[in-house]
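Undergrad: Sequence and predicted model, in that order:
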Amino acid sequence: MTGIAYDARATWTLMLRGINEIARVPGAAIPGVLAPTIFMCGLTAVFGSLTKLPGFTTDDYINFILPVGFLQGAGFTGAATGVNLARDIELGWFDRLLASPAPRGVLLSGTVLSASLRVLMPITLLMIVGLVLGVSFPGVDGLLLGVFLAACFAAVAACYGVLIAMRFKTQAAAPLMQAGVFMAVLFTTAYAPQDLLTGWLHTVAELNPVTQILEAVRQGFVGDVTWADTWPGLLSLAGLGAVLIGLALRSLRRAGA
Amino acid sequence: MTATTARLPAPALGLGARLRNESRVVAELGRRSVRQAFRRPQFLAPIIIFPSLFLAVNTGGAGQAVNLPEFPKVHGFLDFQLAGAMLQSTMLAGVSAAIALALDIEIGFIDRLFAAPIARASFVLGRLAATAVMGAISALWFLSIGLIFGAHIEGGVAGALVVIVLVVLNATAFGTLGAALALKAKSASTAQGVFPLVFVILFVSSAFFPEALLLEPAKTIAEWNPLSLIADGLRDPIISDLSLRPTLEALGGIAIVAGIGSALSVWGLRSRIRNA
């Protein structure tokens, strides 16, 4: 078997193992799968009247909030990946992986790609419930773009989870992983358009790169998909990915060195 | 199994001495639970960190809601949101208590307590005492950050004290539900699965937004949800002068939760003892 074929097979096996976590620890996976849908329904019921404010970009709040669920699902899935890795470290399983001939890049790609696939579960549930509740179909291009961005964001969030897991080496760091993605996704234009945000959140959302990703996911739900609204999201994702993949790889290379 | 749960004979003591002994046991188990919460961030984060982040996002993201015509007159949206944050914190304190208790069951700690010459409800009462302490910490935390970030407590010092007492009682009430959950689930991961349910119940109450502005069917459900009584009672001393009716209604809501939680806990404890 060639080196590339070996790496691909090892990545695939690690990815399948990551997906199997859903069946192995369903109690830990269920909240992540249900949470985005619960938040979409709950936030629509609670803050739905905000659309009456002058300057709100849609008159149906569920269209505005559903894309937040895409990124929330991706973020929680990424954090869960970090928690799973922390458990593997605690149990000593990860030490055996480090001792194997698999390159560190393969260990990372297997882990983060499993997050990209796992995110399809919460997103599928979210879309089904959303469509039943009257969400406007974003078009095939809008939907594919949203799924692609969410899958990539899950991988980026998983890199963050790996970074924290490698730093603290304990599941006790789970709140740090979850709080990190929670802030990244919600300290944006999640609840209201930029002009309607108040105080510190107005500034933070403007600087937060996840705002651009969210706006790119959202465009099909509240309007048409355009390149002008897409490229800032792709650029932000690429930037976040470059930084977090680099840091996660460095933490893996340092482990057991 | 019999060897681990066989009870040691209790020394013959008068009622007063027995009560003193049990109080000491409950206090010690309560202290252990509080220490556990501070040692393990998984238990503290849902009570303090996540409700604080949610409070921050709600306030910054939906702050313009105060300009809606139907919104009640308040000093600021943060003032309105504080009650929701405290309610969320106490409910999550109940779930955290459930997870911690389920972990104690998983590692066999509760079976060892069953074998000790102490009342079998002691470990539940100890956990409830700790949840009450976490409630007090939560109330002080949210009132403090509220004041730091510009909220006003219109009810003054008396109003703040009423809020603290209501939060402590509410945390204890949700602690009883948490205990019942742990005793029936017996597994920490199952108890953890209840987290999303907390948000479902909160979203269909007036915890985060005025009942009149909620969309249907949440609006109708919120009218019947006892959590709305608790949220409105907690909010009243913050956004207006202290008045008796909302406080009594909040106590009524807490009593409903505590009644259901206590009944389920007793049922769970009996099943647990039977199966031990």
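TA: Nice, I can see it.

Undergrad: contacts, neighbours, all on C-alpha from now
TA: Will do.

Undergrad: confidence score at A:G256?
TA: A:G256 carries a pLDDT value of 64.

Undergrad: Helix or strand for residue 234, just tell me which one.
TA: Because you didn't say which chain, this covers chain A. According to DSSP states H and E, A:L234 maps onto helix A:227-254.

Undergrad: try chain B instead
TA: Going by DSSP H and E, B:L234 is part of helix B:226-239.

Undergrad: which outside residues touch stretch B:212-223?
TA: Contacts to stretch B:212-223, defined as C-alpha atoms under 8 Å, 6 or more residues apart in numbering or on different chains, come from residues A:44-49, B:70-71, B:203-206, B:211, B:228.

Undergrad: Now do the buried residues in it.
TA: Neighbour counts using 16 or more other C-alpha atoms under 10 Å in any protein chain shown place B:213-215, B:218-219, B:221-223 of stretch B:212-223 among the buried residues.

Undergrad: Ends of that stretch, what's the gap?
TA: Start to finish, the residues bounding stretch B:212-223 are 10 Å apart (C-alpha to C-alpha, to the nearest Å).

Undergrad: got TSV for the contacts of stretch B:212-223, with secondary structure too?
TA: Putting those into TSV (DSSP: H, G, I helix; E, B strand; the rest coil) gives the following:
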residue	secondary structure
A:T44	helix
A:A45	helix
A:V46	helix
A:F47	helix
A:G48	helix
A:S49	helix
B:E70	coil
B:F71	coil
B:F203	helix
B:V204	coil
B:S205	coil
B:S206	coil
B:E211	helix
B:S228	helix
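
Undergrad: Is it possible to mark the buried ones in those?
TA: The neighbour count (16+ other C-alpha under 10 Å) marks A:44-49, B:203-206, B:211, B:228 as buried among the contacts of stretch B:212-223.

Undergrad: hang on, the earlier thing: out of the contacts of stretch B:212-223, the closest to A:G139 would be?
TA: A:T44 (21.7 Å; C-alpha to C-alpha).

Undergrad: what residues are up against A:A248?
TA: Contacts of A:A248 by C-alpha under 8 Å, 6+ apart are A:108, A:159-160, A:162-163.

Undergrad: A:R118 is in contact with A:V33, correct?
TA: No. A:V33 is beyond contact range of A:R118, at 9.2 Å (criterion: C-alpha atoms under 8 Å).

Undergrad: Sort out which residues of the strand or helix carrying B:I260 are buried, please.
TA: If you go by DSSP H and E, B:I260 is part of helix B:244-275. Within helix B:244-275, the residues scored as buried using 16+ other C-alpha under 10 Å are B:246-247, B:249-255, B:257-258, B:261-262, B:264-266, B:268-269.

Undergrad: Residue 153: what secondary structure?
TA: If you meant another chain, say so; for now it's chain A. Classified using three-state DSSP, A:F153 is helix.

Undergrad: looking at chain B here, not the other one
TA: Strictly by three-state DSSP, B:I153 counts as coil.

Undergrad: so how many other residues sit close to the closest residue to it other than its chain neighbours?
TA: Excluding the flanking residues, the one nearest B:I153 by C-alpha to C-alpha, 6 or more residues apart in numbering or on different chains is B:I238, at 4.3 Å. When neighbours are counted by other C-alpha atoms under 10 Å in any protein chain shown, B:I238 registers 27.

Undergrad: Ok, B:P69 next?
TA: Neighbours around B:P69, by other C-alpha under 10 Å: 11.

Undergrad: coming back round to it: want to throw the buried residues of stretch B:212-223 into TSV with secondary structure and pLDDT?
TA: Output for the buried residues of stretch B:212-223, formatted as TSV (DSSP: H, G, I helix; E, B strand; the rest coil; pLDDT from 0 to 100):
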residue	secondary structure	pLDDT
B:L213	helix	89
B:L214	coil	90
B:L215	coil	89
B:A218	helix	88
B:K219	helix	89
B:I221	helix	93
B:A222	helix	91
B:E223	helix	90
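
Undergrad: Mind telling me the two of those farthest from one another?
TA: Largest separation among these by C-alpha to C-alpha: B:L213 and B:I221, giving 13.0 Å.

Undergrad: which residues in chain B form helices?
TA: Using DSSP state H, the helices of chain B run over B:2-5, B:15-39, B:41-44, B:49-62, B:77-106, B:109-115, B:122-148, B:156-185, B:188-192, B:195-203, B:218-224, B:226-239, B:244-275.

Undergrad: List the contacts of A:V33.
TA: A:V33 neighbours (C-alpha under 8 Å, 6+ apart): A:73, A:121-122, A:125.

Undergrad: same deal with A:L66?
TA: A:40, A:126, A:130.

Undergrad: now, among the residues you listed, which is nearest to A:Q194?
TA: A:M40 (19.3 Å).

Undergrad: and the closest one, what element?
TA: helix A:26-47.

Undergrad: Could you give me the buried positions within that helix?
TA: Those would be A:27-47, for helix A:26-47 by 16+ other C-alpha under 10 Å.

Undergrad: quick revisit: which of the contacts of A:A248 tops the neighbour count?
TA: Using other C-alpha under 10 Å as the neighbour test, those are led by A:V162, with 32 neighbours.

Undergrad: Quick check: that one vs chain B, distance?
TA: Distance, A:V162 to chain B, by C-alpha to the nearest C-alpha, to the nearest Å: 18 Å.

Undergrad: Distance-wise, check that residue relative to B:I118.
TA: According to C-alpha to C-alpha, A:V162 and B:I118 sit 45 Å apart.

Undergrad: again, but for A:N84
TA: Distance, A:N84 to B:I118, using C-alpha to C-alpha: 39 Å.

Undergrad: Which of these two has more residues huddled nearby?
TA: More neighbours surround A:N84 than the other of A:N84 and B:I118, with 23 against 19 (other C-alpha under 10 Å).

Undergrad: and that one, what helix or strand is that in?
TA: Per DSSP H and E: helix A:61-91 holds A:N84.

Undergrad: Toward the C-terminus from that helix, list the very next helix or strand.
TA: Once helix A:61-91 ends, the next helix or strand along the chain (criterion: DSSP H and E) is helix A:93-99.

Undergrad: Just the C-alphas of that following helix, formatted as CSV.
TA: Extracted C-alpha coordinates of helix A:93-99, given in CSV (Å, rounded to 0.1, in the frame of the first residue of the first chain):
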residue,chain,number,x,y,z
TRP,A,93,-6.2,5.4,23.7
PHE,A,94,-4.8,8.5,22.1
ASP,A,95,-1.3,7.6,23.4
ARG,A,96,-1.6,4.4,21.3
LEU,A,97,-2.5,6.5,18.3
LEU,A,98,0.5,8.7,18.8
ALA,A,99,2.7,5.7,19.0
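
Undergrad: coming back round to it: how far does the helix holding A:L234 sit from its chain's centre?
TA: 12 Å (C-alpha atoms, centre = their mean, to the nearest Å).

Undergrad: Could I get the buried residue list for that helix?
TA: Within helix A:227-254, the residues scored as buried using 16+ other C-alpha under 10 Å are A:229-230, A:232-234, A:236-237, A:240-241, A:244-245, A:247-249, A:251-252.

Undergrad: and if you look at stretch B:136-145?
TA: Under the neighbour-count criterion of 16+ other C-alpha under 10 Å, stretch B:136-145 has B:136-140, B:142-143 buried.

Undergrad: Check what contacts that stretch and list those residues.
TA: So stretch B:136-145 is contacted by B:47-48, B:52, B:82, B:85-86, B:89-90, B:160, B:163-165, B:167-168 (C-alpha under 8 Å, 6+ apart).

Undergrad: Show me the residue at the heart of the chain, geometrically.
TA: If you meant another chain, say so; for now it's chain A. Centroid check for chain A by C-alpha atoms, centre = their mean gives A:A74 as the closest residue, at 2.3 Å.

Undergrad: wait, chain B
TA: Short answer for chain B (C-alpha atoms, centre = their mean): B:A171, at 2.5 Å.
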